[in-house]
Each structure stands twice: as C-alpha cells, then as structure tokens.
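Engineer: sequence first, predicted model second:
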Amino acid sequence: MIRLRFSPLVPVGARLLAAATAVSTGCAAADTPDAPRNLPKLVAEVCAGCHGPKLEGAAGPSLVDDTWKFGGDDARIAESIRRGHPAGGMPPFGGSLPEKDIRGLVVYLRELAGKAALHRTPPPRPNAETVTASRLHAYRIETAVADLQEPWSLAFLPDGRSLVTEKRGTLRIISGGVAGAPVAGTPEVDTDGQAGLFDVVPHPDYARNGWIYLVFADPQKNAEGRTVAMTAVVRGRIQDNTWADQAVIYRAPLETYRRAGGVHFGGRLTFDRAGFLFFSIGERGQQADAQNLALPNGKIHRLHDDGRVPADNPFVGKTGALPSIWSYGHRNPQGLRVDPASGWLWAHEHGPRGGDELNRIQAGRNYGWPVATFGINYDGTAITELTTRADLESPVTFWTPSIAPCGLSIYTGERFPKWKNNHFVSSLAAEELRRLKLKDGKVVEQEIIFKGLGRLRDVSTGPDGLLYVLLPDRVTRLVPAAR
Ligand code: HEC
C-alpha cells in the first residue's frame, strides 16, 4: 500500500479551490455552475501530482490501465473521487469539488484511458493487399463499389442489385458492382450540417410490391418563408431509374420543423418480423424535447407499412402524446435493426461527450436523455449528475470516449460462422467497425475489427454472407481469408 508522507487534505483542498477558480476564467461570471470546465487543467493541477502527468501512475496508481482496485463503473470511480481512500493516501474530493465536476472527471478519465488503450494495442488498419487478423476470423477488405460520396445506407434487393444513398441527396442502384446515375425525381433533401438523405430500406415484401422507403431531412418553408427541416419518411418505386408512386409515410407537423441543417436528425428505419415499420428521429439539438411526448423529436416511432398508426402503440389514446411514438428519451439514434434470431429491436445513439448508447428498444420505455446520461457537455460541464435512475432504461452498454455510432448490422451470414448473430457497429468520429457479442441481452465481448479508414456510416450483412461497410468514398466488403 502506498502511503504518502503529508496529510493531503489541506494542501490538496487549497490547490483544488485555486484550480476550480482558474478553470472558469474566460467567462463573464466567475465559477458559475455551468462555466466551461477545463478538465485537462483540473486534472493537471489536482490529480497529476499523485497519479502522474498522464495519470499513468506515480505515487498513486495508474488511472488509465483499465484496472480498478475499487471498481471501474462510473458510480464507483465517482465514489473513489468523492470519498477518497484516505487509508491508502487518496484524499476525498467530495467537499471541495462539486458533483458535476466529479461527473466530468470520470468521463475525462475514461477518455484518457481510451487513448491509452489504443496506444497499447493499436487496432488493425487493413489495406487491400494484406490479410487482417481478428480474434475469430481473418479477412481481406475489398472494394465492392467505388466512386461514391459520403454513402449513408446500403440495402440489398432480392434480384441481386442493391441500393445506396449518399448524404448529399442521391439514391443510386448498384448493379454488377457499379453504381448507376442518381435515380431521378427523389424528394428534395436538406443537406446542410448533419441533414441529408439517410436510410434506404426495401419493403419486406419488395419482390411483390416494389416499395422502397427513404428517410431524409425534409425541407419546408414555414409561415415566415424560412426554410426549416425535419426527418420525414416516404415510400416509392423505381421505374426506369426514376422515383415513382411516392407516398408520404411520416411527415411531422410543420411547427415542429426547425432551422434547416443543424444537428440530430436520427434517420434509421427498419421493419420487424411482424411487418411493423420503426424509424428514429433525433432530438434536433433540443434536449428537453426528448422527454416531451407531444413532440416527435428524440423518439423512435412505429407505424404500419402504409403510415397508419397501429392501434396497440403504447401512447395511443393518451392525452398530450403522439400516437406514433414507440419509445422516447433518445438523443440521436443512427442505428436501428431487428435481431432476426430473437426478434428484439436494437438501437444505438450518439451521446454527447461520452455516453454513446446501445439499447434494446421496448414499447413505451423512456431511455433517459437528457435526464440521465453517461456523457457530459463538450465544454466539460455536466448535463446531469445522474447516469441512471430506476424509472429510466439504462443502456445495455455505453461508449466513453464517444465513438459516434452510425450503422448497425446483426450478422446473419454463413461466411464468418463465428460472427453469427453478433452486432456490428460502424462509427463516424472513431472511424471504427466494432463487433459485439451479446448473451441474454448483455454484451459479453467487444472487439474493434478495424479503425482508421474514415468515417463509417453503415454496415450491412450481404445476401452473400459478406460484411459490407460504407467508407467515405466507397462500399467495401470483408471477405474471409486464411491467416
Ligand atoms: C495526494 C495524492 C493523490 C491525489 C491528489 C489524488 N489521488 Fe487518487 N489516489 C491516490 C492513491 C495513493 C490512490 C490509491 C489508494 C489505495 O489504493 O487505497 C488513489 C486512488 C484513486 C482512485 C481509485 C483507483 C482504483 O484503482 O480504483 C481514483 C479513481 C482516483 N484516485 C482518482 C483521482 C482523481 C480524479 C484525482 C484528482 C481529482 C486524484 N485521484 C487525486 C492518491 C491521490
């Protein structure tokens, strides 16, 4: 056990107050609860003296090696900081540090630990020439379709062709490994900021009815003549490379549209085994809206394939609630797929700084944003002191540091037998393809399959059993290879 020669409480407390005041400089009001928090500075001034400049360990233990003597979940790390371990030389900070700063520190420790882990064991960055190893299967990566711009979604048709959307508003048919000219006449799309053309999904009975569903940022003019936008869903058919027979499946009331561009449109759509249609709308940057059942943003919705509201939706007949809502308390869900084996609906969503979530979605449940989250604000301030609450759904797992998940596939192919029924998550900021193995609804294994090939917007199991991943300028596929 490490014993420190000085009684740490007085000097640390004094240094801490100085640091807490120092970090709030640059703001008009000194040290208001929500003044930006310079977490690196706070750590440098208060923790680094004992834990080392990069918290890799000195007189105090390493805080970035993923081993925790007193428990490594957010609550236990916070408790270590709050109450200290005075017998071992760790002073308590609960008296001198507001709870919100303790939340910030936990997230910042995880960010540093995440960086350290990538440094210790760099994940594979595959290229076309070599075989890449992973825990269960070796693979080659090959280009399936070249010359695309920010492809967002890939869908396979029963006739061997496939469809791809690009963020800038184009839908293309892929045939024989070549993407055709944009399908003419698709809906006008807002493409500013995070807006764009999102998911493309064929009807489960596409072979008979030809319906194709599109989710997109729908630009409209409001009463003042300003262009506003909101996530919308249409279906249509493609005839002679032209969008035809369009029908609106979901369009929110115009008053819920917001300034064009901006953030958090969601934009995924999926069908369950019974043929119900689910789609996600992000909270559009309006955090509190996610808890307001009278508003469509920050929700996952459920409809019949033609847009009618199913009579057994959880909020049908409830005053002040939109009947299309299936679940709420979502920030920005950009992964939404049904596990073909269990029939369970899975979604992941972008957290703020930390706290990206994987959730099993169930009728009427509240997934907590922004009341509880494992993330914090980008400026280091806490959004809430709560990571969980009994009446809110906790994520099945969360990612801190954030990976910015976009795209989810539950692998159903035969070519990678050991990957069967695993979740694959693609991501924007972290540029990672991750594999998750779940058992009884819990994540029991997680692996970065590759990292560093650019922002990934979708991953999809092909009918050929290969795993398709959208890179910023192409569709690639993972092909099994001998090591
Ligand atoms: C005066 C020295 C000192 C300072 C300052 C200090 N720590 Fe510690 N810390 C320790 C020691 C020593 C331990 C190990 C205690 C033990 O093993 O009983 C420890 C343990 C911890 C643990 C538990 C680690 C585990 O394995 O479970 C956490 C978390 C932690 N410190 C975070 C912090 C943070 C965050 C700061 C800055 C706000 C900080 N510490 C400041 C000395 C310090």
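Structural biologist: Structure received. Numbers count the residues shown, from 1 in each chain.
Engineer: where does pLDDT dip in the stretch 301-450 of the chain?
Structural biologist: Scanning the stretch 301-450 of the chain for pLDDT under 70 picks out nothing.
Engineer: interface residues of it facing the ligand?
Structural biologist: Counting by C-beta under 6 Å from any ligand atom, the stretch 301-450 of the chain comes close to the ligand at no residue. C-betas here are computed from N, CA, C, even on glycine.
Engineer: show me the strands in the stretch 301-450 of the chain, by range?
Structural biologist: Secondary structure of the stretch 301-450 of the chain (DSSP state E, counting those that start in this stretch): strands located at 325-328, 333-338, 345-349, 356-361, 397-399, 405-410, 423-427, 432-439, 442-451.
Engineer: could you dump these to JSON lines with distance to V201 and mean neighbour count?
Structural biologist: Below are the strands of the stretch 301-450 of the chain laid out as JSON lines (distance: least, C-beta to C-beta, whole Å; neighbours: other C-beta atoms under 10 Å):
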{"stretch": "strand 325-328", "distance to V201": "17", "mean neighbour count": "25"}
{"stretch": "strand 333-338", "distance to V201": "10", "mean neighbour count": "26"}
{"stretch": "strand 345-349", "distance to V201": "14", "mean neighbour count": "26"}
{"stretch": "strand 356-361", "distance to V201": "17", "mean neighbour count": "23"}
{"stretch": "strand 397-399", "distance to V201": "25", "mean neighbour count": "22"}
{"stretch": "strand 405-410", "distance to V201": "13", "mean neighbour count": "25"}
{"stretch": "strand 423-427", "distance to V201": "17", "mean neighbour count": "26"}
{"stretch": "strand 432-439", "distance to V201": "21", "mean neighbour count": "20"}
{"stretch": "strand 442-451", "distance to V201": "24", "mean neighbour count": "16"}
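Engineer: now render these as JSON lines, adding distance to P122.
Structural biologist: What follows is the strands of the stretch 301-450 of the chain, written out as JSON lines (distance: least, C-beta to C-beta, whole Å):
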{"stretch": "strand 325-328", "distance to P122": "37"}
{"stretch": "strand 333-338", "distance to P122": "25"}
{"stretch": "strand 345-349", "distance to P122": "24"}
{"stretch": "strand 356-361", "distance to P122": "21"}
{"stretch": "strand 397-399", "distance to P122": "18"}
{"stretch": "strand 405-410", "distance to P122": "21"}
{"stretch": "strand 423-427", "distance to P122": "16"}
{"stretch": "strand 432-439", "distance to P122": "12"}
{"stretch": "strand 442-451", "distance to P122": "8"}
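Engineer: of these, which approaches G71 most closely?
Structural biologist: For the strands of the stretch 301-450 of the chain, proximity to G71 was assessed by C-beta to C-beta; strand 397-399 is nearest, at 16.3 Å.
Engineer: that closest one - contacts with which helices or strands?
Structural biologist: Counting contacts by 3 or more C-beta pairs under 8 Å, 6 or more residues apart in numbering; DSSP states H and E, the secondary-structure elements packed against strand 397-399 are strand 356-361.
Engineer: name the strands paired with the strand it packs on and say parallel or antiparallel.
Structural biologist: Each strand that pairs with strand 356-361, with its direction, by DSSP bridges: strand 345-349 (antiparallel), strand 397-399 (antiparallel).
Engineer: quick one: it to strand 423-427, angle?
Structural biologist: Interaxial angle, strand 356-361 versus strand 423-427 (axes from the mean of the first three to the mean of the last three C-alpha atoms, to 10 degrees): 140 degrees.
Engineer: check the closest residue to L157 other than its chain neighbours and give its pLDDT.
Structural biologist: Nearest-residue entry for L157: P202, 6.0 Å, with adjacent residues in sequence omitted and distances by C-beta to C-beta, 6 or more residues apart in numbering. pLDDT for P202: 98.
Engineer: contacts only, for P202.
Structural biologist: Contact partners of P202, counting by C-beta atoms under 8 Å, 6 or more residues apart in numbering, are 155, 157, 163, 211-213.
Engineer: what are the phi and psi values for it?
Structural biologist: phi -80, psi 150 (degrees, to the nearest 10).
Engineer: now do it against the ligand, distance only.
Structural biologist: With distances defined as C-beta to the nearest ligand atom, to the nearest Å, the gap from P202 to the ligand amounts to 49 Å.
Engineer: okay, and the beta partners of that residue?
Structural biologist: For P202, the beta-bridge partners are I212 (DSSP bridges).
Engineer: hang on, isn't D245 packed against I238?
Structural biologist: No: taking contacts as C-beta atoms under 8 Å, D245 lies outside contact range of I238: 9.6 Å.
Engineer: between these two, which one's more packed in?
Structural biologist: Set D245 next to I238 and count neighbours by other C-beta atoms under 10 Å: I238 wins out with 20 against 12.
Engineer: make sure that one is indeed in a strand.
Structural biologist: Yes: counting by DSSP: H, G, I helix; E, B strand; the rest coil, one finds I238 located in a strand.
Engineer: contacting residues for it?
Structural biologist: Each residue near I238 by C-beta under 8 Å, 6+ apart is listed here: 173, 183, 210, 212, 244.
Engineer: is it possible to mark the buried ones in the residues you listed?
Structural biologist: Buried subset of these (neighbour count, 16 or more other C-beta atoms under 10 Å): 173, 183, 210, 212.
Engineer: close enough to count as contact, the last one and D205?
Structural biologist: No: proximity of I212 to D205 does not meet the contact threshold set by C-beta under 8 Å, at 12.0 Å.
Engineer: find the closest residue to the ligand in the stretch 351-483 of the chain.
Structural biologist: Per C-beta to the nearest ligand atom, the residue of the stretch 351-483 of the chain with the smallest distance to the ligand is G380, at 13.5 Å.
Engineer: leaving out sequence neighbours, find the closest residue to that residue.
Structural biologist: That would be R37: by C-beta to C-beta, 6+ apart, it lies 3.3 Å from G380.
Engineer: how is this structure partitioned into domains?
Structural biologist: 9-120, 139-480 (automatic domain parsing).
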